[in-house]
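Peer 1: what's the 3D shape of this:
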Amino acid sequence: MAHTKTGKMRNLESQPKVLIVDDESSARVTVESVLSSEKYELYFAENGAQALSMAEKIQPDIILLDVMMPGLNGFEVCKKIRLMHGLVEVPIVLITALDDRESRMSGIKAGADDFVSKPFDRQELRLRVQNLTRLNHYKLQTLYSAIELKFYESFVGEQSTFGDQNTMQAHAISNIRDYVEASEALLILFDSENPDLATKRLLGPGLAWEAEQTFLVKGSNLCKAMGQTLTMLDYDSTLTKESEPVLIGASTSPIRNIILAPLNINKTLLGAMIFVNPLFDFKKDDRRARFLQLMIKGVSTAIFAMEHTRQLTISKAALEASQWEILNSRNTLRTFFDNIPSCIYVIDRSYNIMIINSRRSERINQAPQKLVGSKCYESLYGNQAPCPLCRVADAFNGIPSVRSLREWQPKETFIQWEITTVPIRENFDTINQAIIFDEDVTEKWMLEANLIESEKLASIGQLAANVAHEINNPLSAIIANAQLMLRDLVDADEDTIEALQLIEMAGVRAAKIVGDLLKSARKEKKGEFEEISLNKTILEAITMANFEIRNRSVKIELDLSEGMPNILAHQNQLKGVWINLIMNALGAIENSDGVISISTRHEDDQYRIAFSDNGKGIATEHREHIFEPFFTTKDASHGTGLGLSVSQQVIKEHHGAIDFESSPGKGTKFIIILPDTPRNGV
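Peer 2: Alright, predicted model coming up:
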């Protein structure tokens, strides 16, 4: 990730820094005496490790390096310096007693620029240092000028050569990164649409952006502390990586300091450029500091222009979209108006239809355009005057209203309409038009009616449960006394014994019926499944319907498979299904030799239950509707149309299926399939 420099950038007005590396103190003193009369800042290191640490810290302008040292020798130190940030081209002079060709070749391969042989000539050493520092000075001046010219051309003369603004930004920030000799460069841009968010981009190798991330501005101390001016900040790299989202992942090496360059224009903060570990101190070089400010201003202007262009592009696209919407609004609104579920039309004060949707016009088999301009009460209702219960007059007085209308259909069926009339207010709050909504509320009306009926049935059921509970007390007395008399009258005659046994059996049977009724009336919690005998639920259902069965003189034929495993199910819900199927079969049997056959089987991990009757069967036109809520062929006083719908729902809750076979005049057979659910759950 680190950016490798091709040259060093220093304050050209400051004194050159000379790093002298030698393990012998006498040699260091000698070099110091030679150079002390010149305008140099002298630094000393006693070994290779110390030299590397000091070189990275002070960034010298020239290094005098002894070859023969313990530990790291001069060749190894030279190689390592050439890999360090900012020291790629620092002049290195090897001071060595080795003068053979092989040693000099090793020095050149290590990256040395010159050699001075020990013992060295004082005048020669002085001149070599002067020449190398002067040459490096001129090289830096040339490099600064080249970067400044390149930056100027990027923003003034050759913007079109980069093709897009992102590429131009990358080139510009790369130039500034080289200009301040930083290891890394980051661009922070605040989100113009959401000021709480910012995006950071890291400039990678090859002038390409990489590692783009979004972060919260309030979580960044750098963003919160950002001002309007260029700032140099010292940083603790460990703390930074833990707490500063801007600098996380910005550098593989420790972060010592940064240059924070805010990007602002017209007092608007667009973001910032951040340069990690810069070697240039803009406080000590006014000329370069001024050009650095110019560079930052150029980037700010370019980013502002790019954002302005983006906003213009968005505005243009929005304008074009608005124009397209305006051009297509009529068809869109017409389509919406025609396909809305309600019947809608608009009338004026003279009851003339201004607009009407297809749903309303289809009710009288007319096209909408043929109805526009006609009187609503004439064309829609066939009246010669406004409808008697019409509430349009209220709408023109500013009062919305709702009324009901029942429209009778063939076969004594009807549609319940809810008609809502709403005034349309125009300028100055005048009302010259009203909109009328006709909504089919038949199903809602029937649901409400059946809800009321269900509440009545629930009350009756509660009353029946209470009565059954009260009957239990005298039944208990009857059974108990019959049993006592049987015990006490052991020697009674056969007729008396038989009569007492009949009393006991009748009492027990009555108690069982009451108990079943109480079980059915008791509320069950949803999800409470229990292991029950399927055959037993069918027998109990027959017992509860026994009165109707005897009253109709219908024969019950049972073929219940013995030894079936218990089923995990809602006991009362299943009994409700069986009772409903038995009652439906009784209602379908019209002859005197009626038979209801009930069979159960357990095969292939499934329970198969069949209810058959020899009644009149189900008419062909009714078969696809029999499981629909509130569909019934019975009189209103004999059925609600909810039985089969509820039964189907119960079977589905047990993960089963219900279907039927029917032949008109021959009877109907209902087949229920229930899975053998594992006993650890449903």
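Peer 1: what's the following helix or strand after the lowest-mean-pLDDT helix or strand in the chain?
Peer 2: When the helices and strands of the chain are scored by mean pLDDT, DSSP states H and E, helix 237-243 comes last with a mean of 52. Note on helix 237-243: by DSSP states H and E, the next helix or strand toward the C-terminus is strand 257-265.
Peer 1: can you give me the neighbour number for residue 204?
Peer 2: 15 (other CB atoms under 10 Å). Bear in mind the C-beta positions are built from the backbone N, C-alpha and C, glycine included.
Peer 1: okay, now the unreliable bits of the stretch 401-550 of the chain?
Peer 2: The stretch 401-550 of the chain contains residues with pLDDT under 70 at 411-412, 450-466, 468-469, 513-528.
Peer 1: at 90 what do you get?
Peer 2: Applying pLDDT under 90 to the stretch 401-550 of the chain picks out residues 403-417, 425-430, 439-530, 540-550.
Peer 1: mind listing the helices for it?
Peer 2: Here the stretch 401-550 of the chain has its helices, by DSSP state H, counting those that start in this stretch, at 442-488, 494-521, 534-544, 546-552.
Peer 1: which parts of the strand ranked longest in the chain are buried?
Peer 2: Longest strand of the chain, by residue count under DSSP state E: strand 413-425. Counting neighbours by 16 or more other CB atoms under 10 Å, one finds that the buried residues in strand 413-425 are 416-421, 423-424.
Peer 1: distance to residue 59 added to the residues you listed, as JSON lines?
Peer 2: Output for the buried residues of strand 413-425, formatted as JSON lines (distance: CB to CB, whole Å):
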{"residue": "416", "distance to residue 59": "91"}
{"residue": "417", "distance to residue 59": "90"}
{"residue": "418", "distance to residue 59": "86"}
{"residue": "419", "distance to residue 59": "89"}
{"residue": "420", "distance to residue 59": "83"}
{"residue": "421", "distance to residue 59": "86"}
{"residue": "423", "distance to residue 59": "83"}
{"residue": "424", "distance to residue 59": "80"}
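Peer 1: show me the two of the residues you listed that sit farthest apart.
Peer 2: Spatially, the most separated pair among the buried residues of strand 413-425 is 416 and 424, at 26.1 Å (CB to CB).
Peer 1: neighbours around residue 37, how many?
Peer 2: 8.
Peer 1: need the phi and psi values for it.
Peer 2: Phi and psi for residue 37, reported as degrees, to the nearest 10, are phi -80, psi -10.
Peer 1: which helices and strands does the longest strand of the chain pack with?
Peer 2: Under the contact definition 3 or more CB pairs under 8 Å, 6 or more residues apart in numbering; DSSP states H and E, strand 413-425 sits against helix 392-396, strand 401-409, strand 431-440, helix 442-488.
Peer 1: who wins for proximity to residue 352 among those?
Peer 2: Between residue 352 and the helices and strands packed on strand 413-425, the shortest separation by CB to CB is 9.9 Å, and it involves strand 431-440.
Peer 1: ok, that closest one: who's next to it in the sheet?
Peer 2: strand 343-348 (antiparallel), strand 413-425 (antiparallel) (DSSP bridges).
Peer 1: okay, the spatially most central residue of the chain: pLDDT?
Peer 2: Nearest residue to the geometric centre of the chain (CA atoms, centre = their mean): residue 214, 18.4 Å. We have a pLDDT of 88 for residue 214.
Peer 1: now it: which helix or strand?
Peer 2: With DSSP H and E as criterion, residue 214 is part of strand 209-216.
Peer 1: export that strand to PDB, keeping only CA atoms.
Peer 2: The C-alpha coordinates for strand 209-216 follow below in PDB (Å, rounded to 0.1, in the frame of the first residue of the first chain):
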ATOM      1  CA  TRP A 209      -8.700   5.000  -6.200                       C
ATOM      2  CA  GLU A 210      -9.100   2.000  -3.900                       C
ATOM      3  CA  ALA A 211     -10.700   1.000  -0.600                       C
ATOM      4  CA  GLU A 212     -13.600   3.400  -0.800                       C
ATOM      5  CA  GLN A 213     -15.600   3.400   2.400                       C
ATOM      6  CA  THR A 214     -18.500   5.400   4.000                       C
ATOM      7  CA  PHE A 215     -18.400   6.400   7.600                       C
ATOM      8  CA  LEU A 216     -20.300   8.600  10.100                       C
END
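Peer 1: name the surrounding residues that touch it.
Peer 2: 166, 170, 187, 191, 196-204, 245-246, 249 (CB atoms under 8 Å, 6 or more residues apart in numbering).
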